[in-house]
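1. can you look at this prediction? I've put the sequence above it.
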Amino acid sequence: QKEVEQDPGPLSVPEGAIVSLNCTYSNSAFQYFMWYRQYSRKGPELLMYTYSSGNKEDGRFTAQVDKSSKYISLFIRDSQPSDSATYLCAFPGSNDYKLSFGAGTTVTVRA
Amino acid sequence: KAGVTQTPRYLIKTRGQQVTLSCSPISGHRSVSWYQQTPGQGLQFLFEYFSETQRNKGNFPGRFSGRQFSNSRSEMNVSTLELGDSALYLCASSLGDESSGAETQYFGPGTRLLVL
């Protein structure tokens, strides 16, 4: 079983739709949860960061964590063509200075 | 503040050759991590350096090596290149103070390596 599972998609939605992305993880040591966004031909950039169960909102983005189910989600409301990118969940390890990434989900928002 | 820079941006090599990639972190950042990104395996951790010392290494063969200089700049080297080494190699920098890796890592644009 992979440490992090993420459906690679691709996902295509019309402008204005809600985008729902999710990851599952198996390592109980993960205490922090991140979402990175990667545009084509660019490096990933941190989008959201949370360390507790529940919801965290930042503008049109909501990160949701369910530690009991080892399941995290990212929702994008009122999606825009500029949201077209690959979204990667990421989990910092414990005392190992590294991030474990999901496969990434490629999202296309159609105008 | 300037971001993470990586050189070169693109590289074509043939099997058996070796390659050296360079990364300059954000000013003040002392931790540099390297990742390999491929369509099949996604983003995989190669190694992390802090103050010229390797603190962790991923599950890659010994052909992959790295080092960090006193100014925090880092290089990674791949010897005896194989076709499967074709990938985007990403460098990320952070302050390096948190052992959990929970600090924000800032990624460079990557070096795209093609092995023929």
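-> That came through, no problem. Numbering: from 1, shown residues only, chains lettered A, B, ... in the order given.
2. contacting residues for residue B:77?
-> Residues near residue B:77 by Cβ atoms under 8 Å, 6 or more residues apart in numbering or on different chains: B:18-21, B:64-66. In this view, the C-beta of every residue, glycine as well, is placed from N, C-alpha and C.
3. what does chain A put close to chain B?
-> Within chain A, the positions adjacent to chain B are A:31-32, A:36, A:41-46, A:49, A:51, A:88, A:92-104 by Cβ under 8 Å from any Cβ of the partner chain.
4. in a markdown table: the contacts of residue B:77, plus pLDDT.
-> Output for those, formatted as a markdown table (pLDDT from 0 to 100):
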| residue | pLDDT |
| --- | --- |
| B:18 | 98 |
| B:19 | 98 |
| B:20 | 98 |
| B:21 | 98 |
| B:64 | 98 |
| B:65 | 97 |
| B:66 | 97 |
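5. and the residues of chain A next to chain B, which of them are buried?
-> For the residues of chain A next to chain B, a neighbour count by 16 or more other Cβ atoms under 10 Å in any protein chain shown gives the buried set as A:32, A:36, A:43-44, A:49, A:88, A:92-93, A:96-104.
6. strands along the chain, start to end?
-> You didn't say which chain, so I picked chain A. Ranges of strands in chain A, per DSSP state E, are A:4-6, A:11-14, A:19-25, A:33-38, A:45-50, A:54-58, A:61-66, A:71-76, A:85-92, A:99-101, A:105-110.
7. the chain in question should be chain B.
-> B:5-7, B:10-13, B:19-24, B:31-38, B:42-50, B:53-57, B:64-68, B:74-78, B:87-94, B:106-107, B:111-115.
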